[in-house]
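In: Provided below for reference: sequence and predicted model.
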Protein chains: 2
Amino acid sequence: MTNTNIVLSIAGSDPSGGAGIQADLKTFAANGCYGASVITALTAQNTTGVQGVFPCPPNFVEEQINSVLADLDVKAIKTGMLYDAEVMQTVVSSLKKCFAGKPMPHLVVDPVCVSTSGHSLLDLDALAVMISELLPLASVITPNKSEAELLLAQTGTKLSISTLEDMLVAAEKLLSVNCGAVLVKGGHIISSLAEVDAIERKFPKIDVVGECILGEHMEILLRASPNTTGSAIQLVVDVLVQQDGVKAMFVHPRIESTSTHGTGCTLSSAIACELAKGVSLEKAIGIATMYTHLGIQTASPIGKGHGPLNHLHSISSSLVPLRTPENRYPFAKLLIQRTSQSWKGYVQHEFVIQLGKGVLDRNRFAHFIKQDYHYLKYYARAYALLAAKSASFKIIETSTQTILNVLHEIGNHKTFCEKFNISEEELENTPESVATTAYGAFILDTGIQGDVSKLTMALMACLLGYGEVGLWLKKQSEKENSWVVLDGNPYKHWMDEYAGEMYQNAVQLGLETVEAIAQADQPSAAKLKEWIGVWEKCTRLEKGFWDMAMNLSP
Amino acid sequence: MTNTNIVLSIAGSDPSGGAGIQADLKTFAANGCYGASVITALTAQNTTGVQGVFPCPPNFVEEQINSVLADLDVKAIKTGMLYDAEVMQTVVSSLKKCFAGKPMPHLVVDPVCVSTSGHSLLDLDALAVMISELLPLASVITPNKSEAELLLAQTGTKLSISTLEDMLVAAEKLLSVNCGAVLVKGGHIISSLAEVDAIERKFPKIDVVGECILGEHMEILLRASPNTTGSAIQLVVDVLVQQDGVKAMFVHPRIESTSTHGTGCTLSSAIACELAKGVSLEKAIGIATMYTHLGIQTASPIGKGHGPLNHLHSISSSLVPLRTPENRYPFAKLLIQRTSQSWKGYVQHEFVIQLGKGVLDRNRFAHFIKQDYHYLKYYARAYALLAAKSASFKIIETSTQTILNVLHEIGNHKTFCEKFNISEEELENTPESVATTAYGAFILDTGIQGDVSKLTMALMACLLGYGEVGLWLKKQSEKENSWVVLDGNPYKHWMDEYAGEMYQNAVQLGLETVEAIAQADQPSAAKLKEWIGVWEKCTRLEKGFWDMAMNLSP
């Protein structure tokens, strides 16, 4: 994730982390937005209740707002608890000043004004400022039942909200405060599918958004969840009405849970995130209600009272670092670092060192080269299998090109072999060693078992390792008093081949390929383990291949 | 991610979101911890500087701490800016009171006392309290160069830190304040690989942790990144010394970046997260320095001055909701919801409806049953391929069991066919229709291209869809005045088969299988798209199969 969509919360602080700006910042992070937060009041609270409140002086609320808005390109703002009339007025005038002559970003107002115990948190002055000054700036306001009732009473409408239809009526009436839209939250009202159906029949143009409900054509899932679905299921429905007349209901199964502290903060913050990303209001609310619903559903109990939601349910760890210009191959680096022992055992094998010194026994090299001849047949076949497994012309092309490169390498082998008096016939007729079969067949088996990515991991140890050997020997040879001998070294041509431009270009292409795989398809922990497992197995099989040469093993 | 490891930050607020408790909460979330935060002071600041500070009264800092610690099982605490002597003393005494008679959780103290412009942020009284009261409680303290110098001066040691060895000396001397360990941060000191090597030679027992550095055996990566690596590279080294004598250096390439606002807050918070998870201090610092390094490296510019890190680099969106008792099949539900048009076109096909009414033309059913006979051969082969692709006995067993189930289904086909006067010979000799070949070969091709997961997606549309058809027809038949006819319906046996216990058990097993795949290997966006693509293609091929039957297509 990157953090380029900036969302600002203006609200109180909950040190226990479940509500207020703490819940807002967690929601912003979990939804891929950059969070800023102006604090209107400190509280001392936890999951069992509020123990104390310490308001921030209005002028310092203004200072905070000015600092943020003078510097950051805020895409959406949400307001939560604004404490009193003076703070509310300050927030309104600060926002108006900062955006004078400019369009105001999306503003989501959670009109916090009634405590869970039913007491009004705001005095009449504050309510009056909210209604006359703040709400008209809002793209959407998100009252719950009690808040909607209080706001309506304040505007002269007495309405007790107890049904879905009441919510719809309340939302429509609340549009009179001149906000862009009203979302009346149904957390305190139990609804049913029958009620939703009835509203749908009565108001045919209303949208019903119910991704969390098991819908039509899901008999197999209904059968598996008899207690949590079906017509008897209790629902939570949030109702949206927009100034343009568009209406929607967001339907979720009610969850019996005590992990609901900060639900309102979370929902309004999640809506602000989607608006900041440029999502339409109705879609934003669909995503945000789903996020909030799953936050309650996946929460573990925290604290002794009403615990917080699980804000982190929608994210997982990224195990491969993001690619940057300074860090071009984070995944290849990770592969090598996580398997450094076996990688080193392979690329700095005694065989390689003796070859660099020019002292490697000719019979050992001949054994190696004859077995490599067999191995390369497997290797070419594996690339053919890669092409066969691929639905992209790009991979079909690079695989085929690699097969041609292998055939070129085979040509070199034959040249070597002539020097070592090994005939082509002998090359073909030498029995395959166990190490050769193990390695070659393992790669092909990996290709049969897995997808293009997994087979690519199996092919890389050979490609990258020989490139490493080539460059390492070359680097050693360039040092003063190097142990690597070039003059008269019978293996110089072999070394040059793997340090050379053509082979190193193939290495470069291989690095790009594995990196692209990991970046396009950020692996889960299980997948990464599987990839590293295949890679490491191949580095061990490579080491075994050179052991086989040193020991002249059959 | 879940949020069960609770970490508490005690620090100031940065409304612009880059430092202070805002950076702490982002770091906690990105590292999979539950964040709580006690605020010691509000600031008005942004990326260009600090415009104002409003301290929280010490008694309200205490109230906040008490609220949090009376309720939450905090696993680690970090402190940042503590404003003045009185607040510092309050924090110390509150913590001591809350943990009287109990072990204190891990405490990471970021001894914020010098501004970036070099001015002391704390008066002498506050420094004295920090040194005598707070630091002795710390598991680790994390001063930068200036802070280490100031703390040392305060304890009577004059030392100007400009080299790696100075840092080591400073860290060792700072242990005299009786904290568990000292991490001197090297962000303001440029080091080199040569210097690191020299320290390593001089102090052979020091650990060098350098996962971000291209190390030995990485010539292929060095070649690809000539400007950012090699011996000339500038390094940032953080030095750790513990009371038990263990020393370590954490080595990273220096990054030229203005996105460094809040680096100290982020690092100490990330250390606290790992300690909360039970990771050892040295490993925790390794993870935390890497997290912070990548946060700088992957940051996009935000604000007009020194911008914040990218705190979200280490997380990705989880696209499949977590499985819970109330939401047993979130992935299967997602598959059906995302492809609802093609799924409905398949499971409520005209063929199914006519079959339920008992009015389906017998020739059409016969055509279907003859083609299904061919299809089931592909289907059995696909399960054999699934077994061949699997490295788990469990999948080998369930695949083989499914093949036996298909052979049982074939038995039923033959019974039907006898009723419809179709001989076994005719069954075998009927030419395969295009729709049959398309569907059967697509599944096998998917198996050749992809891994076990992808092939499973291809196999599910058939298994789950016929289960859905069976249950749907059964449910319809149970309604009053149902359009589904059971008495005298020639296809009743067929319907019973797919609504029956044996088939539905297989459906249940299939649901468990796809769900387990998605939960064990949380798919990336690319992978999810691929899975949904295969599933939807199969639902379309299923519809095509019934179209073929209705049209008697060859």
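Out: On my side now, so go ahead. Numbering: from 1, shown residues only, chains lettered A, B, ... in the order given.

In: what does the stretch 51-200 of chain A have sitting close to chain B?
Out: Within the stretch 51-200 of chain A, the positions near chain B by Cβ under 8 Å from any Cβ of the partner chain are A:51-52, A:54, A:56-57, A:60, A:63-68, A:70-72. Every residue, glycine included, has its C-beta placed from N, CA and C.

In: how far does the longest strand seen in chain A sit from its chain's centre?
Out: Once chain A is assigned using DSSP state E, the strand that runs over the most residues is strand A:34-46. Distance, stretch centre to chain centre, for strand A:34-46: 27 Å (Cα atoms, centre = their mean, to the nearest Å).

In: name the element A:Ile233 belongs to?
Out: In this structure, A:Ile233 is located outside every helix and strand according to DSSP states H and E.

In: give me the secondary structure label for the residue of chain A positioned farthest from its centre.
Out: No residue in chain A sits farther from the centre than A:Asn421, which is 57.5 Å out by Cα atoms, centre = their mean. Per DSSP: H, G, I helix; E, B strand; the rest coil, the secondary structure class of A:Asn421 is coil.

In: next one: A:Val484
Out: When the structure is split into helix, strand and coil by three-state DSSP, A:Val484 lands in coil.

In: quick check: mean pLDDT of stretch A:367-378?
Out: Averaging pLDDT along stretch A:367-378 yields 94.

In: hmm, who's touching it?
Out: In this structure, residues lying in contact with stretch A:367-378 by Cβ atoms under 8 Å, 6 or more residues apart in numbering or on different chains are A:351, A:406, A:409-410, A:413, A:416-417, A:420, A:422, A:426-427, A:430, A:432-433, A:435-436, A:439-441, A:443-444, A:545-546, A:548-549, A:552.

In: can you show me the CA trace of it as PDB?
Out: What follows is stretch A:367-378 as a C-alpha-only set of coordinates in PDB (Å, rounded to 0.1, in the frame of the first residue of the first chain):
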ATOM      1  CA  HIS A 367      32.200 -36.000 -15.600                       C
ATOM      2  CA  PHE A 368      30.500 -32.700 -14.900                       C
ATOM      3  CA  ILE A 369      30.300 -31.700 -18.500                       C
ATOM      4  CA  LYS A 370      28.900 -35.000 -19.600                       C
ATOM      5  CA  GLN A 371      26.200 -34.900 -16.800                       C
ATOM      6  CA  ASP A 372      25.500 -31.200 -17.600                       C
ATOM      7  CA  TYR A 373      24.800 -32.300 -21.100                       C
ATOM      8  CA  HIS A 374      22.000 -34.500 -19.800                       C
ATOM      9  CA  TYR A 375      20.800 -31.900 -17.300                       C
ATOM     10  CA  LEU A 376      20.400 -29.300 -20.000                       C
ATOM     11  CA  LYS A 377      18.000 -31.600 -21.800                       C
ATOM     12  CA  TYR A 378      15.800 -31.500 -18.700                       C
END
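
In: what packs against the helix or strand of chain A with the lowest mean pLDDT?
Out: When the helices and strands of chain A are scored by mean pLDDT, DSSP states H and E, helix A:219-224 comes last with a mean of 84. Contacts of helix A:219-224 with other secondary structure elements, assessed using 3 or more Cβ pairs under 8 Å, 6 or more residues apart in numbering or on different chains; DSSP states H and E, are made with helix B:330-338, helix B:452-477, helix B:501-520.

In: let's go with 6 Å and repeat that
Out: Using 3 or more Cβ pairs under 6 Å, 6 or more residues apart in numbering or on different chains; DSSP states H and E as the contact definition, the elements that helix A:219-224 packs against are helix B:452-477.

In: now the element after the helix it packs on, going C-ward?
Out: Toward the C-terminus, helix B:452-477 is succeeded by helix B:492-499 as the next helix or strand (DSSP H and E).

In: and that following helix, average pLDDT?
Out: 93.

In: also stretch A:463-480?
Out: For stretch A:463-480, mean pLDDT rounds to 95.

In: which residues touch A:Val177?
Out: When contacts are counted by Cβ atoms under 6 Å, 6 or more residues apart in numbering or on different chains, A:Val177 touches A:131, A:135.

In: cutoff 10 Å now
Out: If a contact means Cβ atoms under 10 Å, 6 or more residues apart in numbering or on different chains, then A:Val177 has A:111, A:130-132, A:134-136, A:138, A:141, A:151-152, A:154-155 as its contacts.

In: kindly report the same for A:Thr90.
Out: Under the criterion of Cβ under 10 Å, 6+ apart, the neighbours of A:Thr90 are A:40, A:56-62, A:65, A:82-84, A:129.

In: helix, strand or coil: sort out it for me.
Out: helix.

In: what does the pLDDT read for A:Phe416?
Out: Per-residue confidence for A:Phe416 comes out at a pLDDT of 78.

In: and it, how far is that from A:Lys370?
Out: The gap separating A:Phe416 from A:Lys370 is 10 Å, by Cβ to Cβ, to the nearest Å.

In: these two - which one has more neighbours?
Out: Ranked by neighbour count (other Cβ atoms under 10 Å in any protein chain shown), A:Phe416 and A:Lys370 place A:Lys370 first, with 24 against 20.

In: does that one count as helix, strand or coil?
Out: Classified using three-state DSSP, A:Lys370 is helix.

In: and if you look at A:Asp244?
Out: Per three-state DSSP, the local secondary structure of A:Asp244 is coil.

In: I'd say it and A:Ser280 touch.
Out: No - contact between A:Asp244 and A:Ser280 fails when scored by Cβ atoms under 10 Å: they sit 11.5 Å apart.

In: that older thread, need the contact partners of the least confident helix or strand of chain A.
Out: So helix A:219-224 is contacted by A:214-215, A:218, A:228-230, B:328-330, B:332-333, B:336, B:347, B:463-475, B:499, B:504, B:507-508, B:510-512 (Cβ under 10 Å, 6+ apart).

In: quick check: next helix or strand after the one helix or strand A:Ile199 maps to?
Out: In the assignment (DSSP H and E), A:Ile199 maps to helix A:193-202. Helices and strands here follow DSSP H and E; after helix A:193-202, the next one along the chain is strand A:207-209.

In: show me what that next one packs onto, helices and strands only.
Out: Packed against strand A:207-209 by the contact rule (3 or more Cβ pairs under 10 Å, 6 or more residues apart in numbering or on different chains; DSSP states H and E) you find helix A:193-202, strand A:235-242, strand A:247-253, helix A:281-297.

In: mind checking how far the first one is from the chain centre?
Out: Averaged C-alpha coordinates place helix A:193-202 at 37 Å from its chain's average position (Cα atoms, centre = their mean).

In: quick one, it and strand A:235-242 angle?
Out: Between the axes of helix A:193-202 and strand A:235-242, defined by axes from the mean of the first three to the mean of the last three Cα atoms, to 10 degrees, the angle is 20 degrees.

In: any idea of the mean pLDDT in helix A:193-202?
Out: Rounded mean pLDDT across helix A:193-202 is 92.

In: CA atoms of that helix as CSV?
Out: Once non-C-alpha atoms are left out, helix A:193-202 reads as follows in CSV (Å, rounded to 0.1, in the frame of the first residue of the first chain):
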residue,chain,number,x,y,z
LEU,A,193,-35.8,-9.5,5.3
ALA,A,194,-39.6,-9.2,5.2
GLU,A,195,-39.3,-5.6,6.2
VAL,A,196,-36.6,-4.9,3.6
ASP,A,197,-38.8,-6.6,1.0
ALA,A,198,-41.8,-4.5,2.0
ILE,A,199,-39.8,-1.3,1.7
GLU,A,200,-38.5,-2.4,-1.7
ARG,A,201,-42.0,-3.0,-2.9
LYS,A,202,-43.3,0.3,-1.6
